[in-house]
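Q: Give me a 3D structure for the following:
(chains A, B, C, D and E)
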Amino acid sequence: MCGRYTVKTKDKKLAAQFQASLLESFDNHFNIAPTFRVPVVLMDTEKNERVLKRDYWGLVPYWAKNPKIAYQTTNARADTVSEKPSFKRAFKKTRCLIIMDGFFEWERSVTPKQPYYISMKDEQPFACAGLYETWKVRWEEDKRDIEKAEKTGKKPKAVKWPINLGGKNYNEGEELESCSIITTEPNPLMAKIHDRMPVIIDPKNYEVWLDPKMHDEGVLKTLLKPYTDTKMQCWPVSQVVNKVGDDDTENCIKEVKVQS
DNA sequence: CCAGACGTTGTT
DNA sequence: GTCTGG
DNA sequence: CCAGACGTTGTT
DNA sequence: GTCTGG
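A: Prediction:
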């Protein structure tokens, strides 16, 4: 869950709201999908300040041979995030906030499946609990693995190089920073349409979540709870246009309708 | 997450 | 890198 | 010990 | 069914 969302808010406004330095400007977008380079807030440990930058959506662990794994690491389950090999290091050391102003969810118990748009009642941007990792392109190692596979008569996994990820080419030795959104069980509002929801972090807990020195799993896990449903709203996308009526939302809805 | 492709040969 | 399965 | 996976969602 | 691209 949480595989599509919007960032309608301008980058400068987001930087101000989350008290972060804008490292890289970006355009707002109404239908963000995995593999996009999405805005995240994290701590720059050298300068000891929050930065707003863009990471590839789909976490590629630092040990990965092939970034393909990213297709299945757009989300991380809150209940197992501290144990899974793909996430445990990031959970301990490199947490981030993934910024959005609403997300889509498809109710599948009806035909055709019904898309909903979920946001805060005050329509303000909010932050989901995220993890990030840095991965380095190691084509030379891959080549050795392919040779090995050929010798043992197995089908080698073809790796294209340079690798294009999130609209950028990555060559040997280049680094990719990627991220994942943590999910949890739904609150009463979300439970009507789906059995998972993204973890939304309360602003008063941003500091703790982002602190690289915070290693207390117990404390961190208490933050991974379903967000207060009374602060949220959930509308079928066909009704969001009528309700909000602004151009941005309308564009967003059109795009979703075309694609669903 | 969803939408859309998914294949080869030879000829233009 | 680290864990699981054999 | 080595080899192979390492993930989530939803759907069957 | 399963993978890729967005």
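Q: contacting residues for the residue of the stretch 51-200 of chain A found nearest DNA strand B?
A: Taking Cβ to the nearest atom of the strand as the measure, the stretch 51-200 of chain A has A:Trp106 as its residue closest to DNA strand B, at 3.8 Å. Yep, even glycine has a C-beta here, placed from its N, CA and C like the rest. Listed by Cβ atoms under 8 Å, 6 or more residues apart in numbering, the contact set of A:Trp106 reads A:113-116, A:194, A:260.
Q: Mind checking which of the residues you listed land in strands?
A: If you go by DSSP state E, the contacts of A:Trp106 have A:114-116 in strands.
Q: In those, which residue is surrounded by the most others?
A: A:Tyr116 (22 neighbours; other Cβ atoms under 10 Å).
Q: Bridged to it, which residues?
A: A:Glu105, A:Pro236 (DSSP bridges).
Q: you'd agree it is up against A:Arg108?
A: No - here A:Tyr116 lies out of contact with A:Arg108, judged by Cβ atoms under 8 Å, at a distance of 11.3 Å.
Q: ok, of the contacts of A:Trp106, which one's closest to DNA strand D?
A: The nearest one, if we look at those relative to DNA strand D and count by Cβ to the nearest atom of the strand, is A:His194, at 4.9 Å.
Q: Got phi/psi on that closest one?
A: phi -160, psi 160 (degrees, to the nearest 10).
Q: which stretches of the stretch 101-250 of chain A aren't confidently modelled?
A: A:140-160, A:241-250 (pLDDT under 70).
Q: go again using 80 as the cut-off
A: In the predicted model of the stretch 101-250 of chain A, residues A:111, A:139-162, A:238-250 satisfy pLDDT under 80.
Q: State the distance from the closest residue to A:Thr228 other than its chain neighbours to DNA strand E.
A: Leaving aside its sequence neighbours, A:Thr228 sits nearest to A:Asn187 (Cβ to Cβ, 6 or more residues apart in numbering; 7.2 Å). Look at A:Asn187 and DNA strand E: by Cβ to the nearest atom of the strand, to the nearest Å, they are 25 Å apart.
Q: so what's A:Asn187 up against?
A: A:197, A:226-229, A:232.
Q: Just flag the most distant two among those residues.
A: Greatest spatial distance among the contacts of A:Asn187 (Cβ to Cβ): A:Met197 and A:Thr228, at 11.9 Å.
Q: Let's have the contacts of A:Trp106 in CSV, adding distance to DNA strand E.
A: Shown next, in CSV, are these (distance: Cβ to the nearest atom of the strand, whole Å):
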residue, distance to DNA strand E
A:Lys113, 15
A:Gln114, 18
A:Pro115, 13
A:Tyr116, 17
A:His194, 17
A:Ser260, 10
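Q: Farthest pair within those residues?
A: Pairwise over the contacts of A:Trp106, using Cβ to Cβ, the maximum falls at A:His194 and A:Ser260, 15.1 Å.
Q: between the two, who's got more neighbours?
A: Ranked by neighbour count (other Cβ under 10 Å), A:His194 and A:Ser260 place A:His194 first, with 18 against 13.
Q: State the distance from the closest residue to that one other than its chain neighbours to A:Pro186.
A: Excluding its sequence neighbours, the residue lying closest to A:His194 (Cβ to Cβ, 6+ apart) is A:Glu105, at 5.1 Å. A:Glu105 sits 9 Å away from A:Pro186, going by Cβ to Cβ, to the nearest Å.
Q: Which residue does the stretch 51-200 of chain A have closest to DNA strand E?
A: A:Tyr71 (5.2 Å).
Q: ranges for the helices of chain A?
A: A:11-17, A:88-93, A:139-151, A:188-191, A:206-210, A:217-222, A:237-244, A:247-259 (DSSP state H).
Q: Show me which residues of the stretch 1-150 of chain A are close to DNA strand D?
A: A:1, A:63-65, A:69, A:71-73, A:75-77, A:80-81, A:84-87, A:108, A:113 (Cβ under 7 Å from any atom of the strand).
Q: Please pick the buried ones from those residues.
A: By neighbour count, with 16 or more other Cβ atoms under 10 Å, these hold A:1, A:64, A:69, A:73, A:75-76, A:81, A:86-87 as buried.
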